[in-house]
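Student: how would this look folded up:
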Amino acid sequence: MRLVAGVDVGGTRVKSMLCDFDGSVVLSHTASTPERPGDGIVDVITDTVSALLELARADGVDGALTAMGAVVPGLVDEATGSATWSANLGWRDLPLRQRLQDRFDVPVAMGHDVRAGLLAEFHLGAAMGAPDALFVPLGTGIASALLASGRVVAGSEWTGEIGHVIVEPDGPLCGCGRHGCLEAVASAAALGRAWRELGRDGDAEILSRAVDAGDPEAIRIWQGAIDALVRVIGPVCAAAGTRLVLIGGGLALSGATLLDPLRDRLVHAIGHERVTVTQAALGDRAGALGATLLAMEAAT
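Tutor: Residues are numbered from 1 along each chain as shown. Predicted coordinates for the structure are as follows:
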């Protein structure tokens, strides 16, 4: 059996899987991301793939690694295979693809986690058949990926980096060192911090429950985050003519509490009704599935 490995390095978790060339998932695994691993992420990915292969052998899977893909957050130069910068995980100008090729004697694909997630949603998930879509995962950080005419846009290493658009000039400190970035105001991590700063216990999930229960302070934080998202997402949808917005990440699990008001305010902001806001279908598997698709492409 020809196997491909896909590894998605997130702000809090490393998701990985082995697939065959038919796209069937043979094995998957999730582990915690080390705190600010920096260049050590090469070892993390190497150990993850090695562990997957050992688990597969222990389960009686008769196959060999044919290719692998790794996707990471932050600024990514897919042409050179470089992880240029991550505010949350602490690397700069890391030649990730070359480092991994030095470890594994197979073709290696390297990409951006959110663009890979949209690629998976287009082939396997909520964007199947859609000519255009905007994918916005709301987790530890915020980034986006744009599908236009059936192709995932990758114009430069800054493509999709909406999380570092300043929405509150005097707002909270962001991991990038500036104040008031969208990521510091509207990510799941930021909402959890804002909730705890009020002296409340819990994270963004607990905050969303408090919104549903009518807590006025929770509603104030929640509505502020939605307003900030609309100020950034609205112009993107208007400029690209995007009609489908996929929300992913942990915050998407709040369902209608987030998606309904976000759609209503987007429609108001851009002035037409032809916008659908829905939850991404693949959950936290999207990035790793996208990484396996990139690996299959690299192997052909």
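Student: how about the helices of the stretch 101-250 of the chain, start to end?
Tutor: Secondary structure of the stretch 101-250 of the chain by DSSP state H, counting those that start in this stretch: the helices cover 113-124, 182-186, 188-197, 204-212, 216-240.
Student: and residue 138, which of the ones you listed is closest to it?
Tutor: helix 188-197 (5.6 Å; C-beta to C-beta). In this view, the C-beta of every residue, glycine as well, is placed from N, C-alpha and C.
Student: Could you list the residues in contact with the closest one?
Tutor: Contact partners of helix 188-197, identified using C-beta atoms under 8 Å, 6 or more residues apart in numbering, comprise 11, 138-141, 172, 183-184, 202-204, 206-207, 210, 218, 221-222, 225, 249-251.
Student: Give me the buried entries from the residues you listed.
Tutor: 11, 138-141, 183-184, 204, 206-207, 210, 218, 221-222, 225, 249-251 (16 or more other C-beta atoms under 10 Å).
Student: from the chain's centre, how far out does stretch 239-251 sit?
Tutor: Centroid separation for stretch 239-251 versus its chain: 12 Å, with C-alpha atoms, centre = their mean, to the nearest Å.
Student: Please point out which parts of it sit buried.
Tutor: Buried residues in stretch 239-251, defined by neighbour count with 16+ other C-beta under 10 Å: 242-251.
Student: May I have the residues that are in contact with the residue nearest to residue 142 when sequence neighbours are not counted?
Tutor: Among residues not flanking residue 142 along the chain, residue 163 sits closest, at 3.6 Å (C-beta to C-beta, 6 or more residues apart in numbering). Residue 163 makes contact with 141-143, 181-183, 187 under the criterion C-beta under 8 Å, 6+ apart.
Student: Then residue 187?
Tutor: Counting by C-beta under 8 Å, 6+ apart, the residues that residue 187 touches are 138-142, 163, 249, 251.
Student: got those as CSV, with distance to residue 78 and pLDDT columns?
Tutor: Below are these laid out as CSV (distance: C-beta to C-beta, whole Å; pLDDT from 0 to 100):
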residue, distance to residue 78, pLDDT
138, 23, 95
139, 21, 90
140, 22, 87
141, 19, 89
142, 20, 94
163, 18, 95
249, 22, 92
251, 26, 95
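Student: For residue 80, see how far away residue 291 is.
Tutor: As defined by C-beta to C-beta, to the nearest Å, residue 291 lies at a distance of 18 Å from residue 80.
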